[in-house]
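Visitor: With the sequence up front, the predicted model follows.
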There are 2 protein chains.
Amino acid sequence: MTAESAVETLSYPAPDTACDLVQRGIDRGAMVTLFGRCAVEYEGRAESSLAPGDRHVTLKPDGAALVHTDEGQQPVNWQPPGCEHTVAVSDGTLLVRSTRETPAERLAITFERVAHAAAFDVSDPEDLALTGTEADLKERILDTPALVEDGLTPLATERETPAGAVDIYAEDAAGRTVVLELKRRRVGPDAVGQLDRYVEALARELHAETEVRGILVAPSVTDRARQLLAEKGLEFVSLEPP
Amino acid sequence: MTAESAVETLSYPAPDTACDLVQRGIDRGAMVTLFGRCAVEYEGRAESSLAPGDRHVTLKPDGAALVHTDEGQQPVNWQPPGCEHTVAVSDGTLLVRSTRETPAERLAITFERVAHAAAFDVSDPEDLALTGTEADLKERILDTPALVEDGLTPLATERETPAGAVDIYAEDAAGRTVVLELKRRRVGPDAVGQLDRYVEALARELHAETEVRGILVAPSVTDRARQLLAEKGLEFVSLEPP
DNA sequence: GGCTAAATATCGAGT
DNA sequence: ACTCGATGTTTAGCC
């Protein structure tokens, strides 16, 4: 182990030794991982208990904690960023705790056996570049409104109404007000309810002198959503993100 | 490294050596982790690109893949369970891929440098025991319906309607039909829309001979949700999971 | 801080 | 495989 080393690891360490490594890692802002047989208790917004088993534990320098089993994409237990990690040895067993207030939440990991412990010094200046999102769909429609309907003229995005902000506020060829609700993927009844609330709020605000049209723009809709659209006199246009 | 060893690790391995360890880990159903400087590309439902940085990579035996930076509870890139992991060395760099069909998704991780590689043999027979959920709230109400209202008699749970399954279907002291929609936490307008769809569907189904009441049961509601409840003639009862 | 909506949401049950 | 609704959703943006 040298000073410039970015990785520090131990295999089958004694509890005291593992505790030292974890404590040093936390102190210097490293990412700490543990693997071994452990039990996990959570108390906070809900409560959970996990009997002993082999799991992989990650403690991040931003305060996040993750407990992963060999299955699933989601951690079996976790703690969000902003928590405080502490480590101790009690009765010959390694104890890792991650806690926060507001809301009061407590995660406690008790190791029967530590098979591996590591601390990684991380440097990651890069941001994720993601495309194919709802924002991309909005750009596509603002670029080429005719994809939705000939003669459509966008007037504003994120226009405020008492029911919340409308994705795209527009006018059709006949000068009628049009509300566009965008979804990047197949939608259910929730999105129809959202669009309907916007249309009703705008109709009220504009005193219903001009008819307000509501158009849901998404790749597709579920059967129930299509039924709801018909009932409420709303429209649907099939369009995907670029 | 002995046959019964549950952990195999390497610090600063050459690409070939790391590739061997990862390949053996995948083959025997171990959980494999890598730490080092890598770039990540994703193509599938969306597309993303992540320039080189220090990250922690997990490959699970069920086909899940996780790429974690030093920040956040969520992985910066991931692949769900059911994917196939492959590893190779090309041009002196370690390449990890995780792919699946339906939908077609591809994750590619290119390591400039591997700081640490490990394979863990996992045995975890235990299930998580979780309480304080919506199911617990339902149990509480079925045990003591008077918590919602005196004289309330639950008749069915998950009763089917054209708008979906109702959480609790009941009768009040006056013999009127009551629909209960349960939420374990503070709710917004979406839940009101959901309850309203159930009430309307049941009123239609029962030919509106008896009035159908709708009650939202949750710890609390947002202002807009309360407004919507009033507009639609629905009710609210404050109740939390045990 | 409260409220609202998005997400490569994920996950599980039912059809 | 698709649909639908719950989640300790998480995360981000806005008022």
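Guide: Received the coordinates, thanks.
Visitor: Next, the angle helix B:189-205 makes with the longest helix seen in chain A.
Guide: Longest helix in chain A, counting residues (DSSP state H): helix A:189-205. Between helix A:189-205 and helix B:189-205, the angle comes out at 100 degrees (axes from the mean of the first three to the mean of the last three CA atoms, to 10 degrees).
Visitor: which helices and strands sit right next to helix A:189-205?
Guide: strand A:153-161, strand A:164-171, strand A:177-182, strand A:212-218, helix A:223-232, helix B:189-205 (3 or more CB pairs under 8 Å, 6 or more residues apart in numbering or on different chains; DSSP states H and E). Heads up, the C-betas are built off the backbone N, CA and C, glycines and all.
Visitor: okay, the angle between that helix and strand A:177-182?
Guide: 160 degrees.
Visitor: can I get the CA coordinates of helix A:189-205 in CSV?
Guide: Written as CSV, here are the backbone C-alpha positions of helix A:189-205 (Å, rounded to 0.1, in the frame of the first residue of the first chain):
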residue,chain,number,x,y,z
PRO,A,189,-54.9,6.6,-18.1
ASP,A,190,-52.7,8.9,-15.9
ALA,A,191,-51.5,10.9,-18.8
VAL,A,192,-55.1,11.4,-20.1
GLY,A,193,-56.1,12.7,-16.7
GLN,A,194,-53.2,15.1,-16.8
LEU,A,195,-54.1,16.4,-20.2
ASP,A,196,-57.7,16.7,-19.3
ARG,A,197,-56.9,18.8,-16.2
TYR,A,198,-54.8,21.2,-18.4
VAL,A,199,-57.6,21.5,-21.0
GLU,A,200,-60.2,22.2,-18.3
ALA,A,201,-58.0,24.7,-16.5
LEU,A,202,-57.3,26.6,-19.8
ALA,A,203,-60.9,26.5,-20.9
ARG,A,204,-61.8,28.1,-17.6
GLU,A,205,-59.0,30.7,-17.8
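Visitor: How about it and DNA strand C, touching?
Guide: Yes - counting by CB under 7 Å from any atom of the strand, DNA strand C is contacted by helix A:189-205 at A:191, A:194, A:197.
Visitor: Okay, now the unreliable bits of chain A?
Guide: Counting by pLDDT under 70, chain A shows low-confidence ranges at A:1-5, A:208.
Visitor: how's it carved up into domains?
Guide: A:7-120, A:134-238 (automatic domain parsing).
Visitor: any idea which of these is most buried?
Guide: domain A:7-120 (a mean of 19; mean count of other CB atoms under 10 Å in any protein chain shown).
Visitor: And the contacts of stretch A:191-201?
Guide: For stretch A:191-201, contacts defined as CB atoms under 8 Å, 6 or more residues apart in numbering or on different chains pick out A:161-164, A:166, A:179, A:181, A:183, A:212-216, A:218, A:221, A:225, A:228-229, A:232, A:234, B:189-190, B:193, B:228.
Visitor: check those residues against DNA strand D, which are close?
Guide: Within those, those near DNA strand D by CB under 7 Å from any atom of the strand are residue A:225.
Visitor: what about residue A:80, distance to chain B?
Guide: Distance, residue A:80 to chain B, using CB to the nearest CB, to the nearest Å: 5 Å.
Visitor: ok, that residue - contacts?
Guide: A:63, A:64, A:100, B:73.
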